[in-house]
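Asks: Following is a predicted model, sequence given first.
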Protein chains: 2
Amino acid sequence: MKKIEGGITTPKGFIAGGTCCGIKDGVLDLGILVSQEEASAAGTFTTNLVKAAPVLVSSQQISRGKSLAIVVNSGNANACTGERGMEDAWQMVRETAATLRINPQEVLVCSTGIIGEYLPIDKVKQGIHELGPQLSPQGNRAFAQAILTTDKNAKEVALEVATSQGTFRVGGAAKGAGMVHPHMATMLAFITTDLEIDPSILQGCLREAVDLSFNRISVDGDTSTNDTVLILANGRSALKGEGKTLQAFQEALREVCKTLALMMVRDGEGATKAVKMVVKGASSPKDGEKAARRLANSLLVKTALYGEDPNWGRLMAALGSSGCLVDPSQVKIWIGDVQLVQGGVGVPNVEEKAHKVMRQREYDITLDLGLGSHEYWVWTCDLSYDYIRINAEYRS
Amino acid sequence: MKKIEGGITTPKGFIAGGTCCGIKDGVLDLGILVSQEEASAAGTFTTNLVKAAPVLVSSQQISRGKSLAIVVNSGNANACTGERGMEDAWQMVRETAATLRINPQEVLVCSTGIIGEYLPIDKVKQGIHELGPQLSPQGNRAFAQAILTTDKNAKEVALEVATSQGTFRVGGAAKGAGMVHPHMATMLAFITTDLEIDPSILQGCLREAVDLSFNRISVDGDTSTNDTVLILANGRSALKGEGKTLQAFQEALREVCKTLALMMVRDGEGATKAVKMVVKGASSPKDGEKAARRLANSLLVKTALYGEDPNWGRLMAALGSSGCLVDPSQVKIWIGDVQLVQGGVGVPNVEEKAHKVMRQREYDITLDLGLGSHEYWVWTCDLSYDYIRINAEYRS
């Protein structure tokens, strides 16, 4: 498995592109990804009960397990838009199908951006119509740019996996974590592979990889109305996803998802640090998860990360209020490899060393609860002035 | 029931005072409150599993239901300090008892401030020794100042309640909400009354009042290791807390707790707004609470409050991810009396009016889920640059 230049069009038989259809001003805001062969399709969608129209449409479309195209716009989430929003999402599907001369059943749709405003659907349709003929194997970058909102950087990754049976590829593109700019919504990821794989197996692989990546990152603890991860597998490598090849694919898929998820944490709104919060020695898997998520979401912890302050009291306080079973006298805490806490009390004279670790852009914080054998981790970022600026100063 | 000048020494038979014992530099950091008659005592303590030493000591002491004195220091939380911290808390109890010539069983103790450092116990004992003889009915203000950490203002309230049987008084003092300055911990409140009341009834009244006040405020969603509310009732008014007098007391106690809690929200770290988040029409009481708390704690909601941005999409997104049952098409939202959302979609042309409401320092946001008859509310504040400054820039 090796990382190579590229993105969603690196696997064989995929074309893509991006254009500015006019939702945003002079910036790419519409992308299309097409598989040149009918692909197995799988997806995971937001658990938010307030689901955007495209989430409702795509989760219905994907139940067939087969797709040919994905159309995505940024700048408008088409969320909280009622019946008209549903009709707009279906119009995006139908226009894409007409332009590409495929069956509307074969089209998935995503949106990200302002909540509660209607799409300028005529502009979007015109954009789809114009973009369709321009899609190409070189269009991955334009697609990756067209799906961004407050992200600073486009997020792409491509892997090539050589097996004894032959070689296949996995590519991905994603946009921001953090419920972002006012009204802006969230996390989208698109993954492609030229492996041949059954849709239900693909769904299982995706769910597992998402749980170990996108579900393990925290920017502000908010869950959007639009979160979506989609994968298309078109079989163009002539390799089948079974036995050892399937294992190799699972590994590559995990790596692609993890890479994109980490890009999101690093690009979190106003973030200056990416920190892996590891909870070990929990008395149950659920407890470990509760503790890690609480630590990753605590404002006091996140501001201490920003302040580069080895403030383990805040870690103890967040741990104790996480709902996880804790015996303070058993707790050990490390920042990087510097132990700060032993038996629930501070280790003397280590603040300076710990502060040095915290000046890095990326490091681990490890809490050992000493109660059992269960472990969980979450990637988090710090909370800075820029988060407030990005999220408060915009006036709609 | 009328509000009068004063605080914890307004009810008859209470004396108090504050001094600088040297934990902090030249600022009041030690307070003592004494009832001149053995008082019924009740308390509620943090639910954090990491409990500070004074929390462990006071919750043991208060099980007797009777107390005479409370000693409190600020600047050091005596939390995560192991055996030595327990011994220090007991030393504060014993020194206070010796100075006041009372039984150590009659003394409660609280601390707030830095987590994970040992108390300078000799200074604290010296301070107790010196403060004891200086306590007076005029000492309420010094006590209220001595318990502060990052609070901008001292928080005091006093009520006089006239009944057909006679008059009694309820007083209170409190310190900050918000897990405050680095290593600083949290919310303390002390309430006094000269009503005579049975300890178990007093505990019931306190629990109910705390649930409707201190448990309904959110500054940053963090729960400290030291949160404590204590009440002493010494009977000096010669009025008994039963029948209608008990009802009047409950009402007055609710009012005192609510007033102190609101002072905390208004004085939240970096806060510029106090907003009552009301969820109506929930399908169960638990659901209403989940939704209100999620809304009150969402960073995206809190930054929108700071930005005075009528960003109802964030309210919908927070609602949908609260774990509360939501049917988006039934949701209505008001900011003040301006309706922003009807049937889950935006009402046109009301942003300017809503923005006007949001420029006020205090207002309500109401969400009607349209699913049932249950209601819950929480007071919250906005999230500003100053929160980050206060919590990140301090270097320990």
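Replies: Done, it's in. Numbering: from 1, shown residues only, chains lettered A, B, ... in the order given.

Asks: Show me the helices in the stretch 1-150 of chain A, by range?
Replies: Using DSSP state H, counting those that start in this stretch, the helices of the stretch 1-150 of chain A run over A:53-61, A:82-100, A:121-131, A:140-146.

Asks: Select, out of those helices, the one closest to B:Leu340.
Replies: Minimum separation from B:Leu340 across these (Cβ to Cβ) falls at helix A:82-100, 14.3 Å. To be clear about C-beta, it is placed using only N, CA and C from the backbone, and glycine gets the same treatment.

Asks: returning to that earlier point: of the helices of the stretch 1-150 of chain A, which stretch is the most buried?
Replies: Most buried of those by mean neighbour count (mean count of other Cβ atoms under 10 Å in any protein chain shown) is helix A:140-146; its value is a mean of 25.

Asks: Can I get that helix in PDB, CA atoms only?
Replies: Output of helix A:140-146 as PDB, limited to C-alpha atoms (Å, rounded to 0.1, in the frame of the first residue of the first chain):
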ATOM      1  CA  ASN A 140     -10.300  15.500  -9.100                       C
ATOM      2  CA  ARG A 141      -8.700  18.700  -7.800                       C
ATOM      3  CA  ALA A 142     -11.500  20.900  -9.100                       C
ATOM      4  CA  PHE A 143     -14.100  18.600  -7.500                       C
ATOM      5  CA  ALA A 144     -12.200  18.600  -4.200                       C
ATOM      6  CA  GLN A 145     -12.200  22.400  -4.300                       C
ATOM      7  CA  ALA A 146     -15.800  22.800  -5.300                       C
END
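
Asks: helices or strands next to it in the packing?
Replies: strand A:14-19, strand A:30-45, strand A:66-76, strand A:155-163, strand A:166-175 (3 or more Cβ pairs under 8 Å, 6 or more residues apart in numbering or on different chains; DSSP states H and E).

Asks: mind running it again at 6 Å?
Replies: Counting contacts by 3 or more Cβ pairs under 6 Å, 6 or more residues apart in numbering or on different chains; DSSP states H and E, helix A:140-146 is packed against strand A:14-19, strand A:30-45.

Asks: okay if I get these as a markdown table plus distance to chain B?
Replies: What follows is these, written out as a markdown table (distance: least, Cβ to the nearest Cβ, whole Å):
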| stretch | distance to chain B |
| --- | --- |
| strand A:14-19 | 25 |
| strand A:30-45 | 12 |
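
Asks: Among those strands, single out whichever gets nearest to A:Lys273.
Replies: strand A:30-45 (27.3 Å).

Asks: who's in contact with that closest one?
Replies: With contact meaning Cβ atoms under 6 Å, 6 or more residues apart in numbering or on different chains, strand A:30-45 is reached by A:8, A:13-16, A:18-19, A:21, A:55, A:59, A:62, A:66-73, A:127, A:131, A:135, A:143, A:146-147, A:197, A:199, A:202-203, A:206, A:210, A:228-234.

Asks: how far is stretch A:224-235 from where the chain is centred?
Replies: Counting by Cα atoms, centre = their mean, to the nearest Å, stretch A:224-235 is centred 10 Å from the centre of its parent chain.

Asks: Please see if that stretch touches chain B.
Replies: Yes. Counting by Cβ under 6 Å from any Cβ of the partner chain, chain B is contacted by stretch A:224-235 at A:Ser224, A:Thr225.

Asks: mean confidence score for that stretch?
Replies: The pLDDT scores in stretch A:224-235 average 92.

Asks: what distance separates the start and the end of that stretch?
Replies: Taking Cα to Cα, to the nearest Å, stretch A:224-235 runs 32 Å from one end to the other.

Asks: Over to stretch A:351-365?
Replies: Stretch A:351-365 stretches 14 Å from its first residue to its last (Cα to Cα).

Asks: Show residues contacting that stretch.
Replies: Residues contacting stretch A:351-365 (Cβ under 6 Å, 6+ apart): A:Ala274, A:Val275, A:Lys276, A:Met277, A:Val278, A:Glu308, A:Pro310, A:Ile335, A:Gly336, A:Val338, A:Leu340.

Asks: circling back to that earlier point, quick one, which of the helices and strands packed on helix A:140-146 is nearest to A:Gly243?
Replies: The nearest among those, by Cβ to Cβ, is strand A:30-45 at 17.3 Å.

Asks: Direction included, what does the closest one pair against?
Replies: Using DSSP bridges, the strands paired with strand A:30-45 are strand A:14-19 (antiparallel), strand A:66-76 (antiparallel), strand A:228-233 (antiparallel).

Asks: Rebuild those as CSV, extending it with mean neighbour count.
Replies: Formatted as CSV, those follow (neighbours: other Cβ atoms under 10 Å in any protein chain shown):
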stretch, mean neighbour count
strand A:14-19, 26
strand A:66-76, 26
strand A:228-233, 28
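
Asks: Need the nearest residue in space to the residue in the stretch 101-250 of chain A that chain B sits nearest to, chain neighbours excluded.
Replies: Relative to chain B, the nearest point of the stretch 101-250 of chain A is A:Ile115 (2.7 Å; Cβ to the nearest Cβ). Distances taken as Cβ to Cβ, 6 or more residues apart in numbering or on different chains put B:Gly313 closest to A:Ile115, at 2.7 Å, once the chain neighbours are dropped.

Asks: How is that neighbour assigned, secondary-structure-wise?
Replies: Using DSSP: H, G, I helix; E, B strand; the rest coil, the structure places B:Gly313 in helix.

Asks: Check it and give its pLDDT.
Replies: So B:Gly313 comes in at 88 (pLDDT).

Asks: Over to the one 5 residues further on?
Replies: The pLDDT attached to B:Ala318 in the predicted structure is 89.

Asks: Next: A:Ile390.
Replies: 68.

Asks: how does chain A divide into domains?
Replies: A:2-266, A:274-392 (automatic domain parsing).
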